[in-house]
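Asks: Mind looking at a prediction? Sequence and model below.
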Amino acid sequence: MAWLMLIGAGLLEIVWAIALKQSAGFTRPWPTALGVTTAAASFVMLTAALKSLPVGTAYAVWVGVGTLGVAVTGIAVLHESHSPARLTFLALILTGVIGLKAIGE
């Protein structure tokens, strides 16, 4: 259950980061509200996961899921760069997240 909470928290990190981008510096109320609300929910879920997972692993996976999700969303939706170097480094982050989950320590 802790791993599901952690993955959910990482997915919410994607939502809040994109929402804050769309908030235009907190000048648009709905994206701002979505960003702040999902950020709070993400922290609550991370905190719940930390009750039974090591902090280093949990934090790295949480940030990794969020980083990958935001980067992929940026590429797919916001038409950001998808250079070979960028994709290579994103693959390295994915490898690290999978490796941390696999060892489960």
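Replies: Cool, got the structure. Remember, it's a predicted structure, so these values are computed and weren't measured experimentally.
Asks: Could you look up the SS state of the most far-flung residue of the chain relative to its centre?
Replies: Here the centre of the chain is the reference, and by CA atoms, centre = their mean the most remote residue is T27, at 23.3 Å. Following DSSP: H, G, I helix; E, B strand; the rest coil, T27 is assigned to coil.
Asks: go on, V97?
Replies: Taking three-state DSSP, the label given to V97 is helix.
Asks: and it, what does it touch?
Replies: Contacts of V97 were listed using CB atoms under 8 Å, 6 or more residues apart in numbering, and they are 60-61, 64-65, 68. Heads up, the C-betas are built off the backbone N, CA and C, glycines and all.
Asks: ok now do the spatially most central residue of the chain, which residues does it touch?
Replies: Closest to where the C-alpha atoms of the chain average out (CA atoms, centre = their mean) is G66, at 1.3 Å. Contact partners of G66, counting by CB under 8 Å, 6+ apart, are 10, 13-14, 17.
Asks: I figured I93 hits V65, correct?
Replies: No - judged on CB atoms under 8 Å, I93 makes no contact with V65 at a distance of 9.4 Å.
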